[in-house]
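Colleague: please work out how this folds:
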Amino acid sequence: MTEKEPAAPPGLEAHLGYCLRRVSNHVSAAFARSLQQQHVSVAEWVVLSQAAVRPEVRPAELADRLGLTRGAVSKVLDKLEGKKWIVRRTMADDNRVQLLSLTRQGQRVLPQLAEIAGRNDERFFGCLDAQEQDTLRRLLLKLSEFHCIRDVPVE
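Modeller: Residues are numbered from 1 along each chain as shown. This is a model prediction of the structure:
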């Protein structure tokens, strides 16, 4: 009686994680390059976007929301402040508490950055019809929810 040869391991493409990572790496890298042409990092775009949807957010709250250290958020805020895209002000009743707001320049640049994100999405996901894109988004959000993935990718 002859021994059976062990089955060959499945190819990389058999693993969803591999396929997802392969696409994600390319999508993320292309987006980062597009932002770099505008002298903006992904972290700056994410923080600016979050500050826009949460006016007068506190830096500590922003750090928690993004899953970053307070020091990391502070560095990004320094860069955004240097570009005059955000301002920090202290609360009138407690000067230890900072609140963030977008400046007019920040409000003007954000749609331009969102357009870059939209073009990147179109480049990579435009081959999918609207229903396929909705399905992919829904499935990815379902996986994020199931696994309690709340941090925001900034790199």
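Colleague: please enumerate the strands of this protein.
Modeller: Taking DSSP state E as the criterion, the chain carries its strands at 86-90, 98-102.
Colleague: most packed of those strands?
Modeller: Among the strands of the chain, strand 98-102 has the highest mean neighbour count (mean count of other CB atoms under 10 Å), at a mean of 19. Yep, even glycine has a C-beta here, placed from its N, CA and C like the rest.
Colleague: run the chain-centre distance for that strand.
Modeller: Centroid separation for strand 98-102 versus its chain: 20 Å, with CA atoms, centre = their mean, to the nearest Å.
Colleague: which other helices and strands contact that strand?
Modeller: If contacts are counted by 3 or more CB pairs under 8 Å, 6 or more residues apart in numbering; DSSP states H and E, strand 98-102 sits against helix 42-53, helix 59-66, strand 86-90.
Colleague: and the angle from it to strand 86-90?
Modeller: Following axes from the mean of the first three to the mean of the last three CA atoms, to 10 degrees, one obtains 150 degrees for the angle between strand 98-102 and strand 86-90.
Colleague: next, count neighbours for Asp121.
Modeller: Summarising burial for Asp121: neighbours were counted as other CB atoms under 10 Å, giving 13.
Colleague: with the one 10 residues further on instead?
Modeller: Using other CB under 10 Å, Gln131 has 8 other residues around it.
Colleague: repeat for Arg108
Modeller: By the criterion of other CB under 10 Å, Arg108 has 11 neighbours.
Colleague: relative to Gly67, how far out is the spatially most central residue of the chain?
Modeller: Nearest to the mean C-alpha position of the chain, by CA atoms, centre = their mean, lies Pro153 at 4.2 Å. Applying CB to CB, to the nearest Å, the value for Pro153 to Gly67 is 9 Å.
Colleague: ok, Glu13 next?
Modeller: Using CB to CB, one obtains 30 Å as the distance from Glu13 to Gly67.
Colleague: of those two, who's got more company?
Modeller: Ranked by neighbour count (other CB under 10 Å), Glu13 and Gly67 place Gly67 first, with 13 against 9.
Colleague: the residue nearest to the centre of the chain contacts Val27, doesn't it?
Modeller: No. With contact defined as CB atoms under 8 Å, Pro153 does not count as touching Val27 (10.7 Å).
Colleague: picking that back up, redo the strands of the chain as a markdown table? Include mean pLDDT.
Modeller: Shown next, in a markdown table, are the strands of the chain (pLDDT from 0 to 100):
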| stretch | mean pLDDT |
| --- | --- |
| strand 86-90 | 92 |
| strand 98-102 | 92 |
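Colleague: if anything else comes up later, I'll come back, but that's it for now.
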